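> sequence and predicted structure, then a few things I'm wondering about:
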Amino acid sequence: MAGFRFRLAASLSLAEQALTEAERQLARELAGEIALQRLREDHARLWQEALAGQRAAGKASPQDLGRWQAYARSRFAELQRTEQSLQAQQGKVAAARAAAARAYREAEKLRRLKSRQQAAFLMAEQRREQKILDEAGQVGFWQQRNGAAP
């Protein structure tokens, strides 16, 4: 009895490798997004602190107000740059997620094809074995009926 051999095994292997790489890329992009989110939170906190310093300087020391305003502007500009980077990174995450989904669909398609072909192969093998057993039973029956020894 010959064993089942999936003719697209190489394609399945390549699809699974592509899926693994797509998942790794998605993980890298997600890690980058998380890092940028944390950086944005830090920049937002620094900007809020600069605004608070600006308000305090306006009340207590007007001579320092100009420096606090410049510092607050620089913190706000940094926050905006970080938010732009975060938006770009979110686009990369979306692209990586779509690539991972495509790779998953391709691998799953080949896995299901293999499963169906394997089931069909097993059914054909069972039919063949049953046919051999039926023929052996018929030969035994005819030998008994005709008086020949089994």
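Perfect, I can see it now. Computed from a predicted model, the values in this text were never measured in an experiment. Residues are numbered from 1 along each chain as shown.

> so, low pLDDT: which residues of this protein?
1, 148-150 (pLDDT under 70).

> who are the packing partners of the longest helix seen in it?
The longest helix of the chain (DSSP state H) is helix 65-145. Helices and strands touching helix 65-145, by 3 or more Cβ pairs under 8 Å, 6 or more residues apart in numbering; DSSP states H and E, are helix 9-60. C-betas here are computed from N, CA, C, even on glycine.

> the helix it packs on versus helix 65-145: what angle between them?
If you take axes from the mean of the first three to the mean of the last three Cα atoms, to 10 degrees, helix 9-60 sits at 160 degrees to helix 65-145.

> who does helix 9-60 touch, helix- and strand-wise?
Using 3+ Cβ pairs under 8 Å, 6+ apart: helix 9-60 touches helix 65-145.

> contacts only, for Arg111.
Arg111 makes contact with Leu12, according to Cβ atoms under 8 Å, 6 or more residues apart in numbering.

> how much space between it and Leu39?
Computed as Cβ to Cβ, to the nearest Å, the Arg111 to Leu39 distance reads 40 Å.

> now Glu23
Distance of Glu23 to Leu39, computed by Cβ to Cβ: 25 Å.

> ditto for Arg97
For Arg97, the distance to Leu39 equals 21 Å [Cβ to Cβ].

> for Arg5, give me phi and psi.
Dihedral pair for Arg5: phi -130, psi 120, per degrees, to the nearest 10.

> quick check: buried residues in stretch 71-90?
Going by neighbour count (16 or more other Cβ atoms under 10 Å), the buried part of stretch 71-90 is 71-72, 75-76, 78-79, 82, 86, 89.

> just flag the most distant two among those residues.
Spatially, the most separated pair among the buried residues of stretch 71-90 is Tyr71 and Gln89, at 26.5 Å (Cβ to Cβ).

> tell me how far the spatially closest residue to Glu16 that is not a sequence neighbour lies from Phe4.
Distances taken as Cβ to Cβ, 6 or more residues apart in numbering place Ala107 nearest to Glu16, at 5.2 Å, with adjacent residues excluded. Applying Cβ to Cβ, the value for Ala107 to Phe4 is 19 Å.

> compare neighbour counts for those two and give me the winner.
Per other Cβ atoms under 10 Å, whichever of Ala107 and Phe4 has more neighbours is Ala107, with 21 against 13.
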